[in-house]
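> A predicted structure for the sequence below; I have some questions about it.
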2 protein chains.
Amino acid sequence: MDTLQLALARNAEAIGGLLDRLQPARPGAQGRVVEAMRYAALNGGKRLRPFLTVESARLFGVPESYALRAGTALEMVHCYSLVHDDLPAMDDSDLRRGQPTVHIEFDEAVAILAGDGLLTEAFAVLADPETHPDPAIRAELIAGLAAAAGADGMVGGQMIDISPERNDLDLAGITELQSLKTGALITFACEAGAILGRASAAERQALVGFAQDLGLAFQIVDDLLDAEGSAAELGKPTGQDEAMGKATFVGQLGREGARQRAEEIVARAHAQLALFGERAELLCLAASFVLQRRS
Amino acid sequence: MDTLQLALARNAEAIGGLLDRLQPARPGAQGRVVEAMRYAALNGGKRLRPFLTVESARLFGVPESYALRAGTALEMVHCYSLVHDDLPAMDDSDLRRGQPTVHIEFDEAVAILAGDGLLTEAFAVLADPETHPDPAIRAELIAGLAAAAGADGMVGGQMIDISPERNDLDLAGITELQSLKTGALITFACEAGAILGRASAAERQALVGFAQDLGLAFQIVDDLLDAEGSAAELGKPTGQDEAMGKATFVGQLGREGARQRAEEIVARAHAQLALFGERAELLCLAASFVLQRRS
């Protein structure tokens, strides 16, 4: 395994462990929603968002236990959004990472509640003094997460994604959709590291710019994988965007153009981190990895 | 109008105004989810939870602007829970306060997202320095709200409420269900006032005990209204509990027994506030009002 793969694997294990401990199984009828929350969260994901939080926080010497908790809260929000996006009334997806989605494995009502529970628990984790001893830092993390996840962030992006106007978006519209639906949370993942580390305005802006670029490249590659990838590798059906007539980066730029654009954006992402020098190597590798991912 | 009605009306107007200002309408596809959030929140409710927060905070001389914001956040969580509970996969309700529910007025996907948006926004409101200048107070409010609303509170209660075991609950089971599904948030409404007011442990415990009793009496009367009330007064169908074979306080205690029990509990609620003397008059009137409500 190379440096990045090793760091990602270590981080994913730590995040999985925290997700497990923060939401332990419990008995009774009430336990069923917790079982679904655990099913949704303990899913073997790459844990890219927490990785970005942990590595951003590391630039400022933040204790890893703080960054891991903040990253875990972000991952809970990411997982909740997948559960709700997969619902029949939304994207109606039966498979996620090769496994039945939550409303298939449990039922629709449990999936709605499990999503609600994960979203709520994320804020409980951030509000806890174990995430940072300074309540001003905790409150800032919470304000930032709520802004990234709400109607002017992820929820707003999903609203655009399911709207009738969705299929007619131009390049600017697709970019705006991406910046809300997936970009806001990815950006906040790096910003959370800056908040934990009491970064200067310039350092924080560099991380935000880096994360915005990484998020955009991630989405372009997502469109490429949907157009080119195999369902077996992705763990979900491919060719969905074209079949549904969705406007995508690939549709706007062509496959070659989209790939080239993603490469340019990753190069720009690297440049944003210049002020951190070699300390930002893992973050730069993470941005490069986005170009190579197959799932 | 008597003293309580006047105070409730004034409070409802202030909360409605804040809900309106905190989540203004906006253009575009993204605006549709905000429109649904506003539809769900600006619904002419009694605003009982924010009233409890404001009146509890008043006992400690907390500036009303802080308590109103905290109360508004609670009301957002209450409104989100109604939107999700009404969904076809949950209670499948078409009417709420005499108006089409959110998934009827908009659609199911928008209703899911609007609920998600309201829940997220509630934490944004609490994290904002305008809610209280001390970030430790804000973090404590957030931790308390998340605990009351999550899998060990409201979400857990709703899970029990839709579980197959629901119809066979005994009195202890129904009481436990109530304490989670509606009691936790009502209790936190008073506790939030205590947090804002830096109450002593004894004062906080008195308010918590009062609110637990008020919440329990509220639910017993809810069961009585479903058994006895008219759909026109309630703005929703009645006789639902019996038709669905749900275990209720009325089913367990009989109508007369249930009413008597509610009266005893309200008397106990009043006694809990003795240490505040006459300053707690409006809170006591609110508990008495629960017995008289017709909707």
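Structure's in. What do you need? Residues are numbered from 1 along each chain as shown, chains lettered A, B, ... in the order given.

> Give the residue spans of the stretch 1-150 of chain A that score low on pLDDT.
In the predicted model of the stretch 1-150 of chain A, residues A:1 satisfy pLDDT under 70.

> show me where it has helices.
A:3-22, A:31-41, A:48-58, A:64-85, A:102-105, A:108-127, A:135-149 (DSSP state H, counting those that start in this stretch).

> For the longest one, which helices and strands make contact with it?
Judged by 3 or more CB pairs under 8 Å, 6 or more residues apart in numbering or on different chains; DSSP states H and E, the packing partners of helix A:64-85 are helix A:3-22, helix A:31-41, helix A:48-58, helix A:108-127, helix A:135-149, helix A:154-161, helix A:184-196, helix B:108-127. Quick note: C-beta positions are derived from backbone N, CA and C, even for glycine.

> returning to what we had before: need the helices of the stretch 1-150 of chain A in JSON lines (columns: mean neighbour count).
Output for the helices of the stretch 1-150 of chain A, formatted as JSON lines (neighbours: other CB atoms under 10 Å in any protein chain shown):
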{"stretch": "helix A:3-22", "mean neighbour count": "16"}
{"stretch": "helix A:31-41", "mean neighbour count": "23"}
{"stretch": "helix A:48-58", "mean neighbour count": "27"}
{"stretch": "helix A:64-85", "mean neighbour count": "25"}
{"stretch": "helix A:102-105", "mean neighbour count": "21"}
{"stretch": "helix A:108-127", "mean neighbour count": "28"}
{"stretch": "helix A:135-149", "mean neighbour count": "24"}
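
> for these, which one sits closest to residue B:206?
Nearest to residue B:206, of all the helices of the stretch 1-150 of chain A, is helix A:108-127, at 24.4 Å by CB to CB.

> Which other helices and strands does the closest one contact?
Short answer (3+ CB pairs under 8 Å, 6+ apart): helix A:108-127 packs on helix A:31-41, helix A:64-85, helix A:102-105, helix A:135-149, helix B:64-85, helix B:108-127, helix B:135-149, helix B:154-161.

> Could you list the residues in contact with stretch A:62-74?
A:14-15, A:18-19, A:22, A:47, A:49-54, A:56-58, A:122-123, A:125-126, A:128, A:130-132, A:141, A:145, A:185, A:188-189, A:192-193, A:196-197 (CB atoms under 8 Å, 6 or more residues apart in numbering or on different chains).

> chain center to that stretch, what's the gap?
Here stretch A:62-74 is found 15 Å from its chain centre; the criterion is CA atoms, centre = their mean, to the nearest Å.

> Does stretch A:148-166 reach chain B?
Yes: under the criterion of CB under 8 Å from any CB of the partner chain, chain B is reached by stretch A:148-166 at A:149-152, A:155-160, A:162-163, A:165-166.

> Low-confidence ranges, the stretch 151-295 of chain A, go.
Ranges of the stretch 151-295 of chain A meeting pLDDT under 70: A:230-236, A:295.

> Could you list the contact residues of it toward chain B?
Counting by CB under 8 Å from any CB, the stretch 151-295 of chain A sits next to chain B at A:151-152, A:155-160, A:162-163, A:165-166, A:180.

> do you know which of the helices and strands packed on helix A:108-127 lies nearest residue B:272?
helix B:135-149 (18.7 Å).

> Keeping just the C-alphas, turn that closest one into PDB.
Extracted C-alpha coordinates of helix B:135-149, given in PDB (Å, rounded to 0.1, in the frame of the first residue of the first chain):
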ATOM      1  CA  PRO B 135     -20.700  29.900  23.600                       C
ATOM      2  CA  ALA B 136     -20.800  27.500  26.600                       C
ATOM      3  CA  ILE B 137     -24.500  28.200  26.900                       C
ATOM      4  CA  ARG B 138     -25.100  27.700  23.200                       C
ATOM      5  CA  ALA B 139     -23.200  24.400  23.200                       C
ATOM      6  CA  GLU B 140     -25.200  23.200  26.200                       C
ATOM      7  CA  LEU B 141     -28.500  24.200  24.400                       C
ATOM      8  CA  ILE B 142     -27.300  22.200  21.300                       C
ATOM      9  CA  ALA B 143     -26.300  19.200  23.300                       C
ATOM     10  CA  GLY B 144     -29.700  19.200  25.100                       C
ATOM     11  CA  LEU B 145     -31.700  19.700  22.000                       C
ATOM     12  CA  ALA B 146     -29.900  16.900  20.200                       C
ATOM     13  CA  ALA B 147     -30.400  14.500  23.100                       C
ATOM     14  CA  ALA B 148     -34.100  15.400  23.300                       C
ATOM     15  CA  ALA B 149     -34.600  15.000  19.500                       C
END
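
> helices and strands around it, which ones?
If you count contacts as 3+ CB pairs under 8 Å, 6+ apart, helix B:135-149 packs onto helix A:108-127, helix A:135-149, helix B:64-85, helix B:108-127, helix B:184-196.

> ok and it relative to helix B:48-58, angle-wise?
140 degrees (axes from the mean of the first three to the mean of the last three CA atoms, to 10 degrees).

> contacting residues around helix B:135-149?
Against helix B:135-149 from outside (CB under 8 Å, 6+ apart): A:120-121, A:123-124, A:126-129, A:134-136, A:138-139, A:142, B:70, B:73-74, B:77, B:81, B:119, B:122-123, B:126-129, B:131-132, B:153-155, B:184-185, B:187-188, B:191-192, B:195-196, B:198.

> which ones are touching residue A:45?
So residue A:45 contacts A:12, A:75, A:78, A:79, A:97 (CB under 8 Å, 6+ apart).

> Distance check, the spatially closest residue to the third one that is not a sequence neighbour against residue A:255.
Sequence neighbours aside, residue A:49 is the residue nearest to residue A:78 in space, at 5.6 Å (criterion: CB to CB, 6 or more residues apart in numbering or on different chains). Distance, residue A:49 to residue A:255, using CB to CB, to the nearest Å: 27 Å.

> Please apply the same query to residue A:163.
Distance of residue A:163 to residue A:255, computed by CB to CB: 26 Å.

> go on, residue A:263?
13 Å.

> same question, residue A:27
Look at residue A:27 and residue A:255: by CB to CB, they are 52 Å apart.

> burial measure for residue A:281, as a count.
By the criterion of other CB atoms under 10 Å in any protein chain shown, residue A:281 has 15 neighbours.

> Secondary structure element holding it?
Counting by DSSP states H and E, the element that carries residue A:281 is helix A:281-292.

> Run through the neighbouring helices and strands of that helix.
Using 3+ CB pairs under 8 Å, 6+ apart, helix A:281-292 sits against helix A:3-22, helix A:48-58, helix A:201-228, helix A:249-272.

> Tell me the buried residues in it?
Across helix A:281-292, burial judged by 16 or more other CB atoms under 10 Å in any protein chain shown covers A:282, A:283, A:284, A:285, A:286, A:287, A:288, A:289, A:290, A:291.

> Provide a list of residues in contact with the closest residue to the second one other than its chain neighbours.
Counting by CB to CB, 6+ apart, the nearest residue to residue A:283 once its immediate chain neighbours are dropped is residue A:55, at 5.1 Å. The neighbourhood of residue A:55, defined by CB under 8 Å, 6+ apart, consists of A:7, A:193, A:280, A:282, A:283, A:286.

> Of the residues you listed, which pair is most distant in space?
So, those by CB to CB: farthest apart are A:7 and A:193, at 14.5 Å.

> Compute the first-to-last residue distance for stretch A:95-103.
Its first and final residues considered, stretch A:95-103 spans 10 Å by CA to CA, to the nearest Å.

> got the contact list for that stretch?
With CB under 8 Å, 6+ apart, stretch A:95-103 has contacts from A:36, A:39-40, A:43-45, A:82-83, A:86-88, A:93-94, A:105, A:110-111, A:114-115, A:235-237.
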